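Student: Got a predicted structure plus its sequence, pasted below:
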Amino acid sequence: MSHALVWFRRDLRLSDNPALQAALDAGHVPVPVYIHAPDEEAPWAPGAASRAWLRRSLQALDADLRARGSRLVIRRGDSLSEIEKLIAETRAEALHWNRLYEPASIARDTRIKQGLKSRGLVVESHNAALLAEPWTVQTGQGAPYRVFTPFWKNVRPRLSVLPVPAAPARLPAPPVDLLSFDADDLGLAPPANEPRWDEGFWAHWQPGEAGAAELLDAFLEGAAHGYKEQRNYPDRIATSKLSPHLHFGEVSPRAVVSAVLARDWPAAVKPDIEHFLSELGWREFSHHLLFHFPHTAQDNLNPRFEDFDWADPDPRLLEAWRRGRTGVPIVDAGMRELWATGWMHNRVRMVVASFLTKNLRCHWRHGADWFWDTLVDADLANNTQGWQWTAGTGADAAPYFRIFSPVAQAEKFDPAGKYVRRWVPELAKLPDSALSAPWEHADLLARLAPAYPRRPVVDLRASREAALAAYSGPKTRP
Ligand code: FAD
């Protein structure tokens, strides 16, 4: 029988996988391949937390393939050379993959497609990751969108319950003699002689398709009810936590949308469902922006900020932020949740990002880089959009002068201090009334939380005013 290579990248699933399906539909034996080529994604090769996730996700995919009679062939090196070798070894007649949208991936994939097609191979790419690919959505003037609401008005009517192909029950085996590395050989996990900083992650996560399906079911049964309001409270299980699974393609957005829309929701829950869909819409919008404005992973989308007066980052302040030692409890709780679990609640992401870019006036890239390395859901499109939005430099951004008050945010969204107490245990004994701004309760702080910083690394009011002055200063273009 003829073979077709199915090149897995960030579509690490067997259900609703158009590349795999296309190979099967054409009557080929699919040869599932993963190529480890981090240099080709530079400067955005996966960060440390993503790599730790990837290792487990590859293992899960291999186990799922083996349970059906196939297996994952893992190679490392230059993608084109490895594909060429595999074509020669299997006499494959076709190559299928699902599309990626980051600038470096697009450049590589275009090069590979052109090279192989000119040699007569069938090379086909498919959409597995987006509800609406960036080039299919445009304004009335034929331009890309820069504002979310009209973008979503355009995309939302396209969503409907779609057939979502289940994982094939059986798969034909690829040739037995193909060389394959083990996912453990790729250097993805922290080496044995270094601290296993990711060990704590796995009580919170199950990488792979089965873990994604479980979370989706749990969300539909539970947190979907009340999502619109509850999603703001970081101490609650009130969001889907699907972000790393969506990033690695362990579940397709089509499958999520179809599962949501297929249910007959009570009228009271419908606004929650719409809100959830619109968050998936932000994921689409982020990809739309990165595709049309590829420079924004590094540079401001809004040119007004090109010469903005960012402070020279003080390494001690940056380190205090990264390690959750700023003396501002909600910021420290978020940064420690990130370090311990590889994830941070969305509201707290906005708070810590505002603190870094406004109160410490560090360029958003410093924050985006740290998130890139420490988030299991680190995603170039979503991370860029999230940082530029919070910094005020992006599309549809919160205006620069709208500076999150970490004290007010904690009082509103963590009123009983459960989130802060969980992640900053040295504050656990403080009364609720002192938890959001402990420096205003010096005696209590000294007595009940001696290990916590006496005061914030930066004066919140003065730094807010300095940020506003910089914003209206000469270095921000009108
Ligand atoms: P849910 O509330 O259950 O939402 C469902 C899905 O919608 C998410 O899984 C995600 O894919 C998408 N989504 C939700 N909110 C957003 C958003 N604001 N922008 C884009 N997509 C969204 N998200 C990432 O996936 N990767 C990142 O690297 C990332 N970096 C961020 C950085 C900053 C500074 C900020 C403010 C936000 C960032 N986000 C990022 C967006 C958001 O915080 C996460 O997607 C969300 O917290 C994931 O939790 P969830 O899966 O429970 O979300």
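Tutor: Done, it's in.

Student: which stretches of the stretch 101-250 of the chain have low pLDDT?
Tutor: The model of the stretch 101-250 of the chain has no residue with pLDDT under 70.

Student: Looking only at residue counts, what's the top strand in this structure?
Tutor: strand 29-36 (DSSP state E).

Student: Enumerate the positions of the helix or strand just after that strand that are buried.
Tutor: Going down the chain from strand 29-36, the next helix or strand is helix 48-66, by DSSP states H and E. Going by neighbour count (16 or more other C-beta atoms under 10 Å), the buried part of helix 48-66 is 48-62, 64-65. (C-beta placed from N, C-alpha, C; glycine too.)

Student: And the helix or strand just after helix 48-66, how far out from the chain middle?
Tutor: Using DSSP H and E, the helix or strand that follows helix 48-66 in sequence is strand 73-76. With C-alpha atoms, centre = their mean, to the nearest Å as the basis, strand 73-76 stands 24 Å off its chain's centre.

Student: can you give me the angle the very next helix or strand once past strand 73-76 makes with strand 29-36?
Tutor: Elements were assigned by DSSP H and E; along the chain past strand 73-76, the next helix or strand is helix 79-90. In terms of direction (axes from the mean of the first three to the mean of the last three C-alpha atoms, to 10 degrees), helix 79-90 departs from strand 29-36 by 150 degrees.

Student: just how off-centre is helix 79-90 within its chain?
Tutor: 30 Å.

Student: Give me the helices and strands touching it, please.
Tutor: With contacts defined as 3 or more C-beta pairs under 8 Å, 6 or more residues apart in numbering; DSSP states H and E, helix 79-90 has these neighbours: strand 3-8, strand 29-36, strand 73-76, helix 103-117.

Student: Out of these, which is closest to the ligand?
Tutor: helix 103-117 (15.9 Å; C-beta to the nearest ligand atom).

Student: Can you give the strand pairings for whichever helix or strand comes after that closest one, parallel or anti for each?
Tutor: Next in sequence after helix 103-117, counting helices and strands by DSSP H and E, comes strand 122-126. Applying DSSP bridges, strand 122-126 is found paired with strand 94-98 (parallel).

Student: Would you mind listing the outside residues contacting the partner strand?
Tutor: 2, 4-11, 17-20, 22-23, 26, 28, 83, 87, 109, 116, 121-129, 249 (C-beta atoms under 8 Å, 6 or more residues apart in numbering).

Student: With stretch 135-153 instead?
Tutor: 134, 154-155, 278, 281-282, 284-285, 288-289, 291-293, 301, 395-396.

Student: So which of those residues wins on neighbours?
Tutor: residue 288 (29 neighbours; other C-beta atoms under 10 Å).

Student: who touches the nearest residue to it once chain neighbours are set aside in this structure?
Tutor: Nearest non-adjacent residue to residue 288, counting by C-beta to C-beta, 6 or more residues apart in numbering: residue 134, 4.7 Å away. Residues in contact with residue 134 (C-beta under 8 Å, 6+ apart) are 101, 144, 287, 288, 291, 292.

Student: switch to 7 Å and redo it
Tutor: 101, 287, 288, 291, 292 (C-beta atoms under 7 Å, 6 or more residues apart in numbering).

Student: ok, of those, which one's closest to residue 416?
Tutor: residue 287 (37.1 Å; C-beta to C-beta).

Student: Can you tell me the SS state at the closest residue to the closest one other than its chain neighbours?
Tutor: Closest residue in space to residue 287, ignoring its immediate chain neighbours: residue 381 at 4.5 Å, by C-beta to C-beta, 6+ apart. Under DSSP: H, G, I helix; E, B strand; the rest coil, the three-state class of residue 381 is helix.

Student: And for residue 381, the neighbour number?
Tutor: 24.

Student: Tell me the pLDDT of it.
Tutor: Looking at residue 381, its pLDDT is 98.

Student: cool, residue 475 as well?
Tutor: Each residue has a pLDDT score; the one for residue 475 is 66.

Student: quick revisit: angle of the longest strand of the chain against strand 3-8?
Tutor: Per the same axes, to 10 degrees, the angle that strand 29-36 makes with strand 3-8 is 40 degrees.

Student: I'd like to know the average pLDDT value across strand 29-36.
Tutor: Taken as a whole, strand 29-36 has a mean pLDDT of 98.

Student: buried sites along it?
Tutor: Buried residues in strand 29-36, counted by 16+ other C-beta under 10 Å: 29, 30, 31, 32, 33, 34, 35, 36.

Student: give me every residue that touches the first one.
Tutor: Translated: residue 29. 1, 3, 172, 174 are the contacts of residue 29 under C-beta under 7 Å, 6+ apart.

Student: for the third one, phi and psi?
Tutor: This means residue 172. For residue 172, the backbone dihedrals (degrees, to the nearest 10) come out as phi -70, psi 150.

Student: residues from this structure in reach of the ligand?
Tutor: Neighbours of the ligand within the chain, by C-beta under 6 Å from any ligand atom: 231, 239-243, 246-247, 279-280, 282-283, 286, 346, 349-350, 353, 371, 375, 377-379, 382-383, 385-387, 390.

Student: Please name the nearest non-neighbouring residue to residue 278.
Tutor: Using C-beta to C-beta, 6+ apart, the nearest residue to residue 278 is residue 152, at 6.0 Å.

Student: Sticking with that neighbour, tell me its helix or strand.
Tutor: helix 148-155.

Student: Can you list the low-confidence ranges for the stretch 301-450 of the chain?
Tutor: 397-398.

Student: contacting residues for whichever residue of it sits closest to the ligand?
Tutor: Proximity of the stretch 301-450 of the chain to the ligand (C-beta to the nearest ligand atom) peaks at residue 386, 2.5 Å away. Contacts of residue 386 were listed using C-beta under 7 Å, 6+ apart, and they are 349, 353.

Student: Ok, the one 5 residues further on next?
Tutor: With contact set as C-beta under 7 Å, 6+ apart, residue 391 has these partners: 357, 364.

Student: What distance do you get for residue 446 to residue 425?
Tutor: 17 Å (C-beta to C-beta, to the nearest Å).
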